[in-house]
Every structure is written in structure tokens, then in C-alpha cells.
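Peer 1: based on what follows, work out the 3D shape:
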Amino acid sequence: MEACSRGGGPLGDDPADLAAEYNIVEIFHSVQGEGYHAGIPHVFIRFGRCNLRCEWCDTDFDTFDVMSALDVLGEVLKFPCRRVIFTGGEPMLNDLWPLQRLLKARGYNLAVETNGTVEIPEGLMDWVCVSPKDQVYPNVTIRQRTGDELKCVYVGQSLSMYDELVDGFSHRFLQPLYDESATVEANGVSFALTEAVVKNNPPWRLSLQTHKWMGVD
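Peer 2: All right, here's what the predicted structure looks like:
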């Protein structure tokens, strides 16, 4: 039964989909700690490589293993969860259709967390979260201008820079910059500044990385 659900068998998986290869940093089961789905368990598939280098990024996306889609699927199926988040790095640097077909055939809900620099094909994802980094990369073009969730890291930028972007999203979040190398006091100042901006700019909502407070991935 496991072999059939993992690949081939009655689901009729395309062998080319099963053989597709991806740069994978890690696959793990945890609770989403931020944004709209905070508190909901997901399986996270973290992809290697990114086209940006944000100074606050907490992921070593240059260290990864090459895995087939079949092996990725086998890891995902180990967990009692039917919600998957593609994250990174930048997941949209990959052709995600093979994984999408394999996982959707098994009833998974699929979300992506992306910096928005690569346009997402229609129908690929059930939930799209765009976290633009043009506050530190002003010359980077945001190509994915619609989605479910816009989540911006606050580093002191004016929210007016998103005026032409916000209408394409159902939910908008502002997240304080959390620097793991900074002191508790410095991060506290960042949190307080972000909270003040959110209070004065409805309908923006505050997003906190609660998983870091809990000490989990």
C-alpha cells in the first residue's frame, strides 16, 4: 500500500514527475509560526538557492541535497499532515509542477512563500504568500503581484511603497525584523516600532515569528 501511495500504482504518476530533481535544504513537520496560518501544522519543504541575499535571512540555502521528487514525496508522507509549504531560499526558482501533481493527487493543500521576483503559474498553488524584499532591493522587480497574503519585513520603510501592490492580496502583514545576533533589547525596539506602525495603518496586521520564541523550526 505504501509503495502504491508513494509512486506509481493506481495513482498513475508520471515517471518523469517522480524523477524530477530538487535542491532540498530540509523537510520537516512543524507549526506555522507567522502570518495568516500561524498555529496550523504544516510540512515544510525548504529549497536551496535564492536570487536575493537578505542580511536577516536565517536559512543556509547554499547547503542542500539533491533529491528526486519521489524521495521528497516519501519524506512528506511520513508525517500525519496534509498541508505543505514550499519555502526557501526561493522555491519559485524551481519547476514545481512535478511535485504539485504528485502531492495534489494525494490530497495535499499546497502553499508557497516567495519573494515575488518570479511569477507563479496560475493553478500551481492553493495559497500564495509573497514577502517582497524591495525595501532592501529597490531595483528588484516584483513580478507576482497577486496572491492571498502579502507579508513584509519592517526595517523602517514607508508602507506607501506597497500602494500599487496591496490591492492584489487578500491579507497584508507587517513583521518586525528579528535579528538572532542582536540583543533582546534591540529586537524589542524593532517589535515596538512595528507594532506602532501597524496600529496607525489599518488594515495591516502584525505578524510575529512565534516559532522562534518557542525554539522550534
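
Peer 1: residues touching the nearest residue to L124 once chain neighbours are set aside, list them.
Peer 2: Distances taken as CB to CB, 6 or more residues apart in numbering put Q100 closest to L124, at 5.7 Å, once the chain neighbours are dropped. Bear in mind the C-beta positions are built from the backbone N, C-alpha and C, glycine included. By CB atoms under 8 Å, 6 or more residues apart in numbering, the residues touching Q100 are 110, 124-125.

Peer 1: one more time with 10 Å, if that's ok
Peer 2: Q100 is in contact with 17, 69, 84, 86, 108, 110, 112, 121, 123-126, counting by CB atoms under 10 Å, 6 or more residues apart in numbering.

Peer 1: what's the burial count for E149?
Peer 2: 20 (other CB atoms under 10 Å).

Peer 1: and the contacts of the longest helix along the chain?
Peer 2: Assignment by DSSP state H gives helix 184-199 as the longest helix of the chain. Applying CB under 10 Å, 6+ apart, the external contacts of helix 184-199 come out as 152-159, 172-180, 182-183, 204-208, 212.

Peer 1: report the distance from the helix or strand hosting the residue nearest to L124 to the chain centre.
Peer 2: Element membership of Q100 [criterion: DSSP states H and E] is helix 97-104. With CA atoms, centre = their mean, to the nearest Å as the basis, helix 97-104 stands 17 Å off its chain's centre.

Peer 1: as a whole number, average confidence for it?
Peer 2: On average, the pLDDT along helix 97-104 is 98.

Peer 1: flag every buried residue along the helix or strand just after it.
Peer 2: As assigned by DSSP H and E, the chain's next helix or strand after helix 97-104 is strand 109-114. Under the neighbour-count criterion of 16 or more other CB atoms under 10 Å, strand 109-114 has 110-114 buried.

Peer 1: which stretches of the chain form strands?
Peer 2: Here the chain has its strands, by DSSP state E, at 21-31, 41-47, 65-68, 83-87, 109-114, 127-130, 147-154, 169-176, 205-206.

Peer 1: can you name every helix or strand that the fifth one contacts?
Peer 2: What it means is strand 109-114. strand 41-47, strand 83-87, helix 97-104, strand 127-130, strand 147-154 (3 or more CB pairs under 10 Å, 6 or more residues apart in numbering; DSSP states H and E).

Peer 1: nearest to I27, of those?
Peer 2: Proximity to I27 (CB to CB) singles out strand 41-47 among the helices and strands packed on strand 109-114, at 5.3 Å.

Peer 1: okay, now the sheet partners of that closest one, with direction.
Peer 2: strand 21-31 (antiparallel), strand 83-87 (parallel) (DSSP bridges).

Peer 1: ranking those strands by burial, who's on top?
Peer 2: Compared across those, strand 83-87 shows the largest average neighbour count, a mean of 22 (mean count of other CB atoms under 10 Å).
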